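Chemist: Sequence first, predicted model second:
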Amino acid sequence: MIRTLRKPLWRWEPAPYLLLIVLAAVTVSISPNGAPVAYWTLLTLTVVVAAIAVTLLVVSLVRGRSNPDSAGMLSGIDDLELVPLDAGSAPATPVADTNRHRAALESVAARAVGIPTAVLVPDATRWLGLRIRIAVHLVVPGKVYHVGFLPEQATVAYTAGLRALAARRRFVSPPVRSFATEPPYKLELDLGALSAVLEQRAA
């Protein structure tokens, strides 16, 4: 059985705000006269968590959207270094969830000049999700589209290596083996050289 990777709760974006709501609800339910120690302890914790939540919110607003963002979505590639993979003869890897990204695939087909460039982004999640995946983006002139995710087995095998590269602003660009913009919206990548490249970059 393939192990599903998930974010720890402390890395989950809504965690501080949900914790604040729970602490506030518990605090107001306790009488300061009936249980003063519990009340003041919880009130102190609530104030500390509130300060942390406000700080995180202010920092995110000041910094603006990162690239990729916390969900693993790219807004461009100008500030990134792409690590291209050589094409090989290994079986192609199908991209999952392409049916949910029909509009993006159709836009890629309309704007692409030749074969689009694929980019892999580790530690991607659905909005407010905990499940970690490897996002697949296709790059065309002036635009980047999120078109799906690598299968679970590939996520488990490659996340650690791709994460190490991403920490240095380097993202793998595998060859696009096949690309269809009509049902069933097929997209396949050539990941045959990925393991060797990750091992070489980690050395």
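Modeler: Ah, there it is.

Chemist: most centrally placed residue in this structure?
Modeler: Ala124 (1.5 Å; Cα atoms, centre = their mean).

Chemist: Now do the contacts for that residue.
Modeler: 68, 71-73, 132-135, 149 (Cβ atoms under 8 Å, 6 or more residues apart in numbering). In this view, the C-beta of every residue, glycine as well, is placed from N, C-alpha and C.

Chemist: Name the nearest residue to it, ignoring sequence neighbours.
Modeler: Counting by Cβ to Cβ, 6 or more residues apart in numbering, Ala124 lies nearest to Gly72, which is 2.6 Å off, once chain neighbours are set aside.

Chemist: which stretches of this protein form helices?
Modeler: 15-28, 36-63, 102-111, 152-166, 194-202 (DSSP state H).

Chemist: who's in contact with the last one?
Modeler: By that I understand helix 194-202. In contact with helix 194-202 (Cβ under 8 Å, 6+ apart) are residues 83, 85, 157-158, 161-162, 164-165, 170, 172, 174.

Chemist: repeat for the fourth one
Modeler: Around helix 152-166, the neighbours that count as contacts under Cβ under 8 Å, 6+ apart are 2-5, 68, 83, 93, 120-123, 132-134, 149-150, 171-172, 191, 194-195, 198-199, 201-202.

Chemist: Can you say which of the residues you listed are buried?
Modeler: Among these, the ones that count as buried by 16 or more other Cβ atoms under 10 Å are 5, 68, 83, 93, 120-123, 132-134, 149-150, 171-172, 191, 194, 198.

Chemist: Please name the bridge partners of Phe171.
Modeler: Going by DSSP bridges, Phe171 is paired in beta bridges with Leu82.

Chemist: Show me where the protein dips below the pLDDT cut-off.
Modeler: Along the chain, segments meeting pLDDT under 70 span 1-3, 8-12, 60, 63-64, 127-129, 202-203.
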